[in-house]
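A.B. asks: fold the following and give me the result.
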Amino acid sequence: FKTKQTLAGASITGSNFELPGGALSWAVGYGYWKQEYTYSPDSAKVLGAATGNVGAGTDGKLTNNAVYLEFLAPLWDNGTQNLYLKGGLRYDDYDAFSGDTTWQLGVEFQALDDLKFRGTAGTVFRAPTITELFGGVVDSFPTYADPCVTTPLPPGCSGPGVQLDSQVKSAVGGNPNLVPETGDTVTAGFVWTPQFGDHGFTATVDYWKIDLEDAISSLGVQYTLNSCYYDLNQQACDLITRNSAGAITLIQDTNLNVADQGGKGVDTELRWNYASNVGQFEAAFLWSHLIERTKTAFPGDAEQDLSGRYTDPTAQDGGAYANDKINYSFQWMWNDLSVGYLGEYIS
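C.D. replies: Okay, the predicted model is just below:
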């Protein structure tokens, strides 16, 4: 492995223009980033002369120039309540693909001493990494189920298939034709910190929504098979190779810009602490509720709502989309002694 990274940047910050809540704070800056990465595996692996997974190495570089502007505007403050507006604008220019401009605008409103509302809206931009772009294609052997060995045969099968093993050879790795992910995000929520005597309590609730275009992912071999033979998707069929006996010999599963992905949910966090004459007590409850998780693999393909489903573990994102995930803990501390209970729930 060989990695080289070069960073440079400059920024100017200031505070001007008195507003009803205070002075406007701002920052402008420029950043330069260049990364080079090389991975040279044993020549026998590259030539396919070794046992186990074989494949090519990685050799690539990526350069970014970025400029940005950020501000924080205190619109109102009476000592107990305040209202802040914050925002940012950024332009990223990469040598491997077109640049893009992103923005974010947020608001924070301290309605009471113990209650704050907040929200943000903006656009997102993520460039593919060097390994996502230039990673050498290598062998993988995920588990699969050939749709063409079932009865009745799916409409896309020209005849009965042959499956001699629970695993199939797939080709995974980089794709130099990837483009950056872009999308929109919205979050809204509140923080409540009431006082109940000596008890400390914090409640945070946030709604979030993310929509991505050209999201970078892999389809997973099972999705590719089902899309070809059940949904008659020719683009998926082109990724599958069968021999004359009807057995699958290879499935292409390299990185792709899927048509789009989306998700929305609610995250809740509750924390409590209490100091007593018999020790310190603490408890926490974290709950992530997934309302929707959509994925469209190809332009024109049907949108799938994956929330609450376990789909394809060979996909890059793992294929598990629980509706609810909860972590909870209770802890008692006294001098040098600590006793705790932690639990996790996945629906």
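
A.B. asks: so how far is W208 from T268?
C.D. replies: 12 Å (CB to CB, to the nearest Å). Glycine gets a C-beta too; all of them are placed from N, C-alpha and C.

A.B. asks: report the longest strand in this protein, please.
C.D. replies: With secondary structure taken from DSSP state E, the chain has its longest strand at strand 58-77.

A.B. asks: now for that one, which elements pack on it?
C.D. replies: Helices and strands touching strand 58-77, by 3 or more CB pairs under 8 Å, 6 or more residues apart in numbering; DSSP states H and E, are strand 2-19, strand 22-39, strand 82-94, helix 130-134.

A.B. asks: counting by contacts, list what the third one packs against.
C.D. replies: The elements that strand 82-94 packs onto, with contact taken as 3+ CB pairs under 8 Å, 6+ apart, are strand 58-77, strand 100-112.

A.B. asks: one more pass at 10 Å, please.
C.D. replies: strand 22-39, strand 58-77, strand 100-112, strand 115-126 (3 or more CB pairs under 10 Å, 6 or more residues apart in numbering; DSSP states H and E).

A.B. asks: quick one, helices of the stretch 201-347 of the chain?
C.D. replies: All helices of the stretch 201-347 of the chain, identified by DSSP state H, counting those that start in this stretch, fall at 221-229, 234-237.

A.B. asks: got the contact list for the closest residue in space to A203 that isn't next to it in sequence?
C.D. replies: Closest residue to A203 apart from its sequence neighbours, by CB to CB, 6 or more residues apart in numbering: W192 at 4.4 Å. Counting by CB atoms under 10 Å, 6 or more residues apart in numbering, W192 makes contact with 112, 114-117, 201-205, 270.

A.B. asks: could you do D238 as well?
C.D. replies: So D238 contacts 224, 228, 252 (CB under 10 Å, 6+ apart).

A.B. asks: could you do I251 as well?
C.D. replies: Here I251 is in contact with 140, 142, 144, 168-172, 219-222, 224-225, 228, 236, 239-241, 314 (CB under 10 Å, 6+ apart).

A.B. asks: name only those of those that count as buried.
C.D. replies: Buried members of those, scored by 16 or more other CB atoms under 10 Å, are 140, 142, 144, 168-172, 219-222, 224-225, 228, 236, 239-240, 314.

A.B. asks: picking up where we left off before, how much space separates the residue nearest to A203 from N233?
C.D. replies: Distance from W192 to N233, by CB to CB: 48 Å.

A.B. asks: how about T187?
C.D. replies: Taking CB to CB, one finds T187 at 34 Å from N233.

A.B. asks: and these two? Which one has more around it.
C.D. replies: N233 (20 against 16; other CB atoms under 10 Å).

A.B. asks: with adjacent residues omitted, what lies nearest to that one?
C.D. replies: Using CB to CB, 6+ apart, the closest residue to N233 is S227 (4.4 Å).

A.B. asks: okay, that neighbour: pLDDT?
C.D. replies: Note on S227: pLDDT of 90.

A.B. asks: what sits against Q304?
C.D. replies: Q304 touches 223, 293-297, 311, counting by CB under 10 Å, 6+ apart.

A.B. asks: how close does it sit to Y144?
C.D. replies: 19 Å.

A.B. asks: rewinding a little: Throw the contacts of W192 into CSV and include distance to V124 and pLDDT, thanks.
C.D. replies: Converted to CSV, those look like this (distance: CB to CB, whole Å; pLDDT from 0 to 100):
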residue, distance to V124, pLDDT
L112, 32, 93
D114, 32, 94
L115, 29, 97
K116, 24, 97
F117, 23, 98
F201, 33, 96
T202, 28, 97
A203, 27, 98
T204, 22, 98
V205, 22, 98
L270, 29, 98
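
A.B. asks: now, of those, which are buried?
C.D. replies: Buried among the contacts of W192 by 16+ other CB under 10 Å: 116, 201, 203-204, 270.

A.B. asks: quick one: which of those residues sit in strands?
C.D. replies: Among the buried ones among the contacts of W192, the ones falling in strands (DSSP E) are 116, 201, 203-204, 270.

A.B. asks: quick revisit: my read: the residue nearest to N233 touches T296, true?
C.D. replies: No. Judged on CB atoms under 10 Å, S227 makes no contact with T296 at a distance of 11.3 Å.

A.B. asks: of these two, which one has the most company?
C.D. replies: A direct count of neighbours by other CB under 10 Å for S227 and T296 places S227 higher, at 23 against 17.
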